[in-house]
Every structure is written in structure tokens, then in C-alpha cells.
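1. for reference, the sequence and a predicted model appear below.
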Amino acid sequence: MEGMTYLAVAYLGMIVGLGIWTYTVFSRSNSLEDRIEALRKSLDKQVSEE
């Protein structure tokens, strides 16, 4: 039974780790999209001023 407990804890740990990793990836992706959008707006503004 001790082996099953270890396996269950390891499995739950992997699920939590995967959840944290997924959250981090999506968070960075949204941040990157915001940066790209800001850069596009900046470049559009510079082009329209010229």
C-alpha cells in the first residue's frame, strides 16, 4: 500500500506541476502578445506622423 501512496502523490505532483507550467506559458504568451500589439501601434503611429 505504501507504493500506491507514493505513486498517487507523485501523480498529483505531476498534475500540479503541469498546471503551473501551463499557466506560466499562457501568461508569457499573453504578455508577448501585448508587447507585439504595443510595438505595432508604435510603428503605425510613427508611419502616420511621417
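-> Yep, it's here.
2. pLDDT weak spots in this protein?
-> Applying pLDDT under 70 to the chain flags residues 1, 50.
3. quick one, helices of it?
-> 2-49 (DSSP state H).
4. from Ala8, how far out is Leu32?
-> Leu32 is 36 Å from Ala8, where distance means Cβ to Cβ, to the nearest Å. The way it works is simple: take the backbone N, C-alpha and C, and place the C-beta from them, glycine included.
5. and the gap between Ala9 and Thr22?
-> Residue 9: Val, not Ala. 20 Å.
6. okay, the most centrally placed residue in the chain and Gly19: tell me how far apart.
-> Nearest residue to the geometric centre of the chain (Cα atoms, centre = their mean): Val25, 1.9 Å. Separation of Val25 from Gly19 (Cβ to Cβ) stands at 11 Å.
7. and what of Val47?
-> Distance from Val47 to Gly19, by Cβ to Cβ: 42 Å.
8. ditto for Thr5
-> 21 Å.
9. equivalent analysis for Glu37, please.
-> 27 Å.
10. what of Asp34?
-> For Asp34 relative to Gly19 (Cβ to Cβ), the value is 23 Å.
11. next: Glu49.
-> 45 Å.
12. more crowded one of these two?
-> With neighbours defined as other Cβ atoms under 10 Å, Glu49 and Gly19 compare such that Gly19 has more, 10 against 6.
13. which residues sit in contact with the more buried one?
-> By Cβ atoms under 8 Å, 6 or more residues apart in numbering, no residues touch Gly19.
14. and it, how far from Ser31?
-> 19 Å.
15. same question for Lys45.
-> For Lys45, the distance to Ser31 - Cβ to Cβ - is 21 Å.
16. repeat for Leu39
-> From Leu39 to Ser31 the distance is 13 Å (Cβ to Cβ).
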